[in-house]
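Asker: Model the following, please.
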Amino acid sequence: LCLLAFPAGALVYQSSQQPLNDTQVQYYNEKGSVLLEGIIDAEPEVRGASTEFKFAASGIIFSDNTSAVKGNVLVRLPFYRSFHYGDSLQLTGRLETPQQFDDFDYRNYLANRNIYSVMNYPASAVTGTGKGLPVLSLIYSLRSSLSNSLSVCLPEPQSSLARAILLGLRGSLPFDLVQSFYVTGTTH
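Answerer: Reported below is the predicted structural model:
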């Protein structure tokens, strides 16, 4: 039974792998500037001086050709812009393959989250709002109001620590506190 299960599993895996083609957003990695359309598919996170979010692409304009595409992109934009889950955007920039680091397999880390492309600091335009799932919008709204309540009730850095532990919002943790966690091995 085991001798039959292994080849059957390998066959199912092989059939689930699609060859890379122009309907997948990662096909356009490293090919120059593109205009990408889609929606913000997860709550944006503030990381230092930038905002990061998962972007679900639905269309692309490349070399004056418009195509429908599917795939997720990790987008980094300057912090001063305010984006929300479900915002519809047009992004103009370069799609890149995620980097590999010596001590961390970043490409595989993103691949496990179904992200195969990165777009750093593209030109952006909001074309609509409220395009996400209503249930997730409600959850992210509740999370934001709880975060604001913690900010009002607790002083810093206790407020940032409580938001990180209870709500998973790590963007506001002071740098020296993060470094202390890193040195002591308690960043998890």
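
Asker: The chain: helices as residue ranges?
Answerer: In the chain, the segments counted as helices under DSSP state H are 2-16, 106-111, 134-153, 158-167, 175-184.

Asker: Looking at the ones you listed, which is nearest to K54?
Answerer: Across the helices of the chain, K54 has its closest neighbour in helix 106-111 (9.6 Å, CB to CB). C-beta: built from backbone N, CA, C; applies to glycine.

Asker: So which bits of the closest one are buried?
Answerer: Within helix 106-111, the residues scored as buried using 16 or more other CB atoms under 10 Å are 107, 110.

Asker: picking up where we left off before, just name the most buried of the helices of the chain.
Answerer: Among these, helix 158-167 has the highest mean neighbour count (mean count of other CB atoms under 10 Å), at a mean of 16.

Asker: and A125, bridged to which residues?
Answerer: With DSSP bridges applied, A125 shows beta-bridge pairing to Q90.

Asker: ok, and the closest non-adjacent residue to the residue minimising distance to the centre of the chain?
Answerer: Geometric centre of the chain, nearest residue: K54, 2.6 Å, by CA atoms, centre = their mean. In space, and not counting its chain neighbours, K54 is closest to A42: 4.2 Å by CB to CB, 6 or more residues apart in numbering.

Asker: Would you confirm that that neighbour contacts Y85?
Answerer: Yes: A42 lies in contact with Y85 (CB atoms under 8 Å); the separation is 6.5 Å.

Asker: And the two? Which one has more around it.
Answerer: Neighbour count, other CB atoms under 10 Å: between A42 and Y85, Y85 has more, with 22 against 17.

Asker: residues contacting that one?
Answerer: 40-44, 132, 136-137, 140 (CB atoms under 8 Å, 6 or more residues apart in numbering).

Asker: can you pull the pLDDT of it?
Answerer: For Y85, the pLDDT comes out at 86.

Asker: Distance check, it against S58.
Answerer: For Y85, the distance to S58 (CB to CB, to the nearest Å) stands at 16 Å.

Asker: need the contact list for Y140.
Answerer: Contacts for Y140 (CB under 8 Å, 6+ apart) come out as 43, 84-85.

Asker: how near is it to G130?
Answerer: From Y140 across to G130, the span is 12 Å (CB to CB).

Asker: Could you do P155 as well?
Answerer: Counting by CB to CB, the gap from P155 to G130 is 35 Å.

Asker: between these two, who's got more neighbours?
Answerer: G130 (12 against 8).

Asker: My guess is the more buried one contacts S137. True?
Answerer: Yes: if you go by CB under 8 Å, G130 and S137 touch, sitting 7.0 Å apart.
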